[in-house]
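J.: can you look at this prediction? I've put the sequence above it.
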Number of protein chains: 2
Amino acid sequence: MESTRDRILFAALELFGEKGYLSTSIADILKAAGANAGSLYHFFPTKQDLLISVLETYRDGIYPMLLAPAWEGVDDPIEKVFALLGRYRAMLEMTDCLYGCPIGSVALELHEPDPPVRELLAVNFSGWAGHVRDCLDAASGRLPADIDRGKLATFVLAVMEGGVMQSRTHRTLETFDASVEMLRDHFNRLQADARS
Amino acid sequence: MESTRDRILFAALELFGEKGYLSTSIADILKAAGANAGSLYHFFPTKQDLLISVLETYRDGIYPMLLAPAWEGVDDPIEKVFALLGRYRAMLEMTDCLYGCPIGSVALELHEPDPPVRELLAVNFSGWAGHVRDCLDAASGRLPADIDRGKLATFVLAVMEGGVMQSRTHRTLETFDASVEMLRDHFNRLQADARS
DNA sequence: GGATCGCTTGAACGTCCATTCAAGTCATGC
DNA sequence: GCATGACTTGAATGGACGTTCAAGCGATCC
């Protein structure tokens, strides 16, 4: 049995991802969760507090909800990076290029977020990039020694977010695929250069 | 002498870039433009029509307002690409990583934009990437022959948008710089591989 | 000098939305 | 069986926002 608090939290998580934070009204969330205003405000003093809990849920879910399923049966650390990108592709495909990365959406729709919100967005980005970096570290022998793997992980995240943004705008997977293909080309060259 | 229509249009252009479309109220625009509601609605039947005009202004301004100044004194076509990225860096730096790319912001904050809006966002992306592609074509002799320069331009745009997004969120230029540095590394390898 | 038309004025309107609150339910501990 | 405190109910509130409109201004044309 799911608690009222959880129904509200997950309804918000879904709606913030689908329609964005600003465009989602409290009434939307209440209807989706089957709850009343008083219950919501009992658990979450303001809409922003609800957003914070949603962002914490995303943060805590990066591994179990996103990476673990993406990496099932994938051992090669570099393939793990591309399997992760494949998850975003699948999400775009399933939703006709409507939903991409919820963190990226909120990050750009709130232009001057209050510090706790901004920090949680940053933490989500750092967590994602940190896991990619771990993959790159695990593959360090196959990459040029002088390459900064932290920066490379940041780069991977940038490509993902920028690819998702373009695909959502053009409503085609083409731009996302093109970005990932170019990233793959870069990794091929990095590995070739590491060998020689 | 600037017409009232233009004052409203440019006030909107600036505010949409600074605070986003949804977070900018008509009252904000009126105050910034020193105009009255009736005047605004005389020229722009709805807020969305105003957004459309703003996006058309951006589209028409890509070359004269963005590329021309970025490319002053830069002849090498590959350096032009990085000079363009340098403009975004300068914008981030000037605003303490608050304002990035207005098109990207609006693209992510409107989750299901009406078709005319979505198409204008797409046109802005295509225009930007098209100019980058022209640079790459001009440098085609220095790049591997089998590389798809259209996809590479899309990739550059993705890196820019993803880098801007992370820098705005972390409030540091570090992530943007890291992304551009990795892109530069990729271009170096592309050119080295084209030579051999 | 009067009619026309593009533009301006700014108060008013209606809707939506985040938030509040007084009253109620129900399990737990005493 | 009563008191307590956690949670629920849903109507009410007040403010913000996009939009409307009746009235006015001033230049141009006849």
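T.: All right, it came through fine.

J.: just checking, what packs against the longest helix along chain A?
T.: When chain A is parsed with DSSP state H, its longest helix is helix A:115-138. Judged by 3 or more Cβ pairs under 8 Å, 6 or more residues apart in numbering or on different chains; DSSP states H and E, the packing partners of helix A:115-138 are helix A:47-61, helix A:77-94, helix A:102-109, helix A:149-170, helix B:149-170. In this view, the C-beta of every residue, glycine as well, is placed from N, C-alpha and C.

J.: ok, that helix near DNA strand C or not?
T.: No: using Cβ under 7 Å from any atom of the strand, helix A:115-138 never reaches DNA strand C; the gap is at least 12.9 Å.

J.: one more: stretch A:25-41?
T.: Yes: counting by Cβ under 7 Å from any atom of the strand, DNA strand C has neighbours in stretch A:25-41: A:25, A:26, A:27, A:37, A:38, A:41.

J.: any idea how far apart the tips of that stretch sit?
T.: Terminal residues of stretch A:25-41 are spaced 14 Å apart (Cα to Cα, to the nearest Å).

J.: pop the domain breakdown of chain A in here.
T.: For chain A, the domain assignment from automatic domain parsing gives the residue ranges A:1-45, A:54-195.

J.: of these, which is nearest DNA strand D?
T.: Smallest distance to DNA strand D across these (Cβ to the nearest atom of the strand): 1.8 Å, for domain A:1-45.

J.: gap between that closest one and the chain center?
T.: Averaging C-alpha positions (Cα atoms, centre = their mean, to the nearest Å) puts domain A:1-45 20 Å from its chain's average.

J.: tell me the mean pLDDT over it?
T.: On average, the pLDDT along domain A:1-45 is 96.

J.: now the angle from the longest helix of chain A to helix B:149-170?
T.: Between the axis of helix A:115-138 and that of helix B:149-170 there is an angle of 130 degrees, by axes from the mean of the first three to the mean of the last three Cα atoms, to 10 degrees.

J.: could you list the contact residues of chain A toward DNA strand D?
T.: Contact residues (Cβ under 7 Å from any atom of the strand) of chain A with DNA strand D: A:3, A:4, A:5, A:35, A:36, A:37, A:38, A:39, A:41, A:42, A:43.

J.: determine which two of those residues are furthest apart.
T.: When Cβ to Cβ is used, the two most widely separated members of the residues of chain A next to DNA strand D are A:3 and A:37, lying 17.2 Å apart.

J.: re the thing from before, pick the most deeply packed of the domains of chain A.
T.: domain A:54-195 (a mean of 19; mean count of other Cβ atoms under 10 Å in any protein chain shown).

J.: straight-line length of that domain, end to end?
T.: Its start and end residues considered, domain A:54-195 measures 44 Å (Cα to Cα).

J.: run the chain-centre distance for that domain.
T.: Relative to the chain's own centre, domain A:54-195 is displaced by 7 Å; criterion: Cα atoms, centre = their mean.

J.: quick one: mean pLDDT for it?
T.: The average pLDDT for domain A:54-195 rounds to 97.

J.: got the contact list for stretch A:97-105?
T.: The contact list for stretch A:97-105 (Cβ atoms under 8 Å, 6 or more residues apart in numbering or on different chains) reads A:13, A:16-18, A:20, A:55, A:58, A:88, A:91-92, A:121, A:124-125, A:128, A:160-161, A:164-165, A:167-168, A:170-173, B:108-109, B:111-112, B:165.
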